[in-house]
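K.L.:
kindly generate the corresponding structure for this input.
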Amino acid sequence: MGKKDFEDGMLFTNLTGSSIHTLFMRIEIDVYFIDENKTVFEKVSLKPWRFYKPKMHARYILETKKGKIKLEIGDHLDFI
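P.N.:
Purely as a prediction, here's the structure:
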């Protein structure tokens, strides 16, 4: 939050909920909601000062700079 730019993504793993916000952010981000099988089930682009709640609970959430990576619904990720 508060950064003008960032190059890396952030993977959130210890989630108690799946809602996110972009309060205090200065750039638009892509948010990928990932299930327990590490499959992308929802993607959204958010401008600063927005709230979003996915249609179902996510096990993982990946945030990246808008357009940084090109993941699609149904893509399977491999990470530890």
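K.L.:
now name the helix or strand holding the residue most central in space within the chain.
P.N.:
By Cα atoms, centre = their mean, the chain has its centre lying nearest to Val31, at 2.5 Å. For Val31, the host element (DSSP states H and E) is strand 29-34.
K.L.:
strands paired with the lowest-mean-pLDDT helix or strand in the chain, and their directions?
P.N.:
Taking mean pLDDT, DSSP states H and E as the measure, the chain has strand 10-12 as its least confident helix or strand, at a mean of 91. According to DSSP bridges, strand 10-12 forms sheet pairs with strand 60-65 (antiparallel).
K.L.:
hey, where'd the strands end up in the chain?
P.N.:
Assigned by DSSP state E, the chain shows strands spanning 10-12, 20-21, 29-34, 40-46, 51-52, 60-65.
K.L.:
return the most buried member of the ones you listed.
P.N.:
Most buried of those, by mean neighbour count (mean count of other Cβ atoms under 10 Å): strand 29-34, with a mean of 22. Where C-beta positions appear, they are placed from N, C-alpha and C, glycine not excepted.
K.L.:
and that one, what does it pack onto?
P.N.:
Helices and strands touching strand 29-34, by 3 or more Cβ pairs under 8 Å, 6 or more residues apart in numbering; DSSP states H and E, are strand 40-46, strand 60-65.
K.L.:
the same query, at a cut-off of 10 Å, please.
P.N.:
Applying 3 or more Cβ pairs under 10 Å, 6 or more residues apart in numbering; DSSP states H and E, we find strand 29-34 packed against strand 10-12, strand 20-21, strand 40-46, strand 60-65.
K.L.:
and Ile73, which of these is closest to it?
P.N.:
Ile73 lies closest, by Cβ to Cβ, to one member of the helices and strands packed on strand 29-34: strand 40-46, at 5.7 Å.
K.L.:
so who does Tyr52 touch?
P.N.:
18-22, 31, 33, 42, 44-46 (Cβ atoms under 10 Å, 6 or more residues apart in numbering).
K.L.:
list just the nearest of these to His57.
P.N.:
Ser18 (5.1 Å).
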